[in-house]
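>>> Mind folding the following:
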Amino acid sequence: MTDVPTPPTPPTPPPPGPPAPPPGSPYQQSQPLSPADEKLWATLVHIGGIFFNFIPALLGYLLLKDKGPFVRAHTATALNFQLTMLIASIVGGILTIVIIGIFILAAVGVLIIVFSIIAAIKANQGQPYTYPLSIKFVS
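Down below sits the predicted model:
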């Protein structure tokens, strides 16, 4: 009997790595935003503060802080300003017992509108902006 040579066995493939997370999964790595999208979201966060106080800045900071340095800086500064104005509003509300609280609340309202519009314009132009009169809670 003659021995028939057996063909060589193919090398075994490497073991598969972990499966890729499905799209939309919280474990999927976040993609950075384009510069135009960063400017848009930063502008919307500043304008949203006029109507909804600190909520847009907080949501923007939590959801967009890893999407780019520009949007992170603007959402952090907007959140700092809105939290400072929230504290001033609480103090003004307490001080309405004496008349001065009414003036504090009016001043807070005007400051929020004016500085948020200025910040939105700067964000839309792609420039950094730091609100005056704000306490730095987040960076």
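
>>> Can you tell me the centre-most residue of the protein?
The residue lying closest to the centre of the chain (CA atoms, centre = their mean) is residue 61, at 2.5 Å.

>>> Hmm, residue 79 and that residue touching each other?
Yes - between residue 61 and residue 79 a contact is recorded at 5.0 Å, counting by CB atoms under 8 Å. (Glycine included, C-beta is placed from N, CA and C.)

>>> before we move on, the earlier item: may I ask which helix or strand encompasses the residue nearest to the centre of the chain?
helix 55-64 (DSSP states H and E).

>>> got a list of contacts for that helix?
For helix 55-64, the surrounding residues in contact (CB atoms under 8 Å, 6 or more residues apart in numbering) are 33, 41-42, 44-45, 48-49, 71-72, 75-76, 78-79, 81-82, 138.

>>> Beyond that helix, next helix or strand please.
helix 69-94.

>>> Next secondary structure after that following helix?
helix 100-124.

>>> Can you pull the poorly scored residue ranges out of this structure?
1-3, 14, 17-30 (pLDDT under 70).

>>> Now do the one helix or strand residue 43 maps to: distance to the chain's middle.
In the assignment (DSSP H and E), residue 43 maps to helix 35-52. Centroid displacement of helix 35-52 relative to its chain, using CA atoms, centre = their mean, to the nearest Å, is 9 Å.

>>> and what of stretch 34-41?
Per CA atoms, centre = their mean, the centroid offset for stretch 34-41 relative to its chain is 12 Å.

>>> Using CSV, write out every CA atom in that stretch.
Extracted in CSV, the C-alpha atoms of stretch 34-41 (Å, rounded to 0.1, in the frame of the first residue of the first chain):
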residue,chain,number,x,y,z
SER,A,34,-18.2,68.9,13.5
PRO,A,35,-17.2,72.5,14.2
ALA,A,36,-20.6,73.7,12.8
ASP,A,37,-22.5,71.3,15.0
GLU,A,38,-20.5,72.4,18.0
LYS,A,39,-21.3,76.0,17.3
LEU,A,40,-25.0,75.2,16.9
TRP,A,41,-25.3,73.3,20.1
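
>>> contact partners of it?
Against stretch 34-41 from outside (CB under 8 Å, 6+ apart): 33, 60, 64, 67-68, 70-71, 75, 123-126.
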